[in-house]
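In: Prediction below, plus the sequence it came from.
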Amino acid sequence: MSSLDDRNQTTSNLQALNPEGWPEPKGYANGIKGRGTLVVLGGQIGWDAQGHFPTDFVDQVRQALANISTLLTEAGVGPEHLARLTWYVTDMESYRSRLREIGRAYREVLGRNFPSMALVQVVSLVEREAMVEIEATAILPDA
């Protein structure tokens, strides 16, 4: 096990799980151990507060992450408290081909906080214009 401090994270209530001998994950954690109050967010899509979608995949990712950040703030936590993200994309190649841009957008919005993650391709999302939906779980440390 390694602490999140080893991965440029400073939250003491979360610990990255990476068994000895496993490859070091890049941009995510294999697992997270934490203690505190759970903050569970429903899937956030790439629309703004007025319900408008950008037409670009990376711009939708950035907006979905910004929506997650806004909800975390509403809950009194920050990106450093994220324990898990589950990404749903309608086109895996759009994700794979733009990893650098997605990584840049991720760090701009959520910083260098890398929770456990899963990413899957789905046929479609409820909102027809949505290209990405991201669920999030954070853990607020006990006071």
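Out: Cool, got the structure.
In: wait, what's in contact with Arg35?
Out: When contacts are counted by C-beta atoms under 8 Å, 6 or more residues apart in numbering, Arg35 touches Asn13, Ile139, Pro141, Asp142. (Each C-beta comes from the backbone N, C-alpha and C, glycine too.)
In: and the spatially closest residue to Asn13 that is not a sequence neighbour, how many neighbours?
Out: Of all residues not flanking Asn13 in the chain, Pro141 sits nearest, at 3.6 Å (C-beta to C-beta, 6 or more residues apart in numbering). Burial of Pro141 is recorded as 14 neighbouring residues (other C-beta atoms under 10 Å).
In: Where does the residue nearest the centre of the chain fall, secondary structure wise?
Out: Ranked by distance to the mean C-alpha position of the chain (C-alpha atoms, centre = their mean), the top residue is Leu85 at 4.3 Å. In this structure, Leu85 is located in strand 82-89 according to DSSP states H and E.
In: And for Ala118?
Out: Assigning secondary structure by DSSP H and E places Ala118 in strand 116-121.
In: same for that strand, what does it pack against?
Out: Here strand 116-121 is seen to pack against strand 82-89 when contacts are counted using 3 or more C-beta pairs under 8 Å, 6 or more residues apart in numbering; DSSP states H and E.
In: mean confidence for the following helix or strand past the strand it packs on?
Out: From strand 82-89 onward toward the C-terminus, using DSSP H and E, the following helix or strand is helix 92-96. Per-region confidence: helix 92-96 scores 97 on mean pLDDT.
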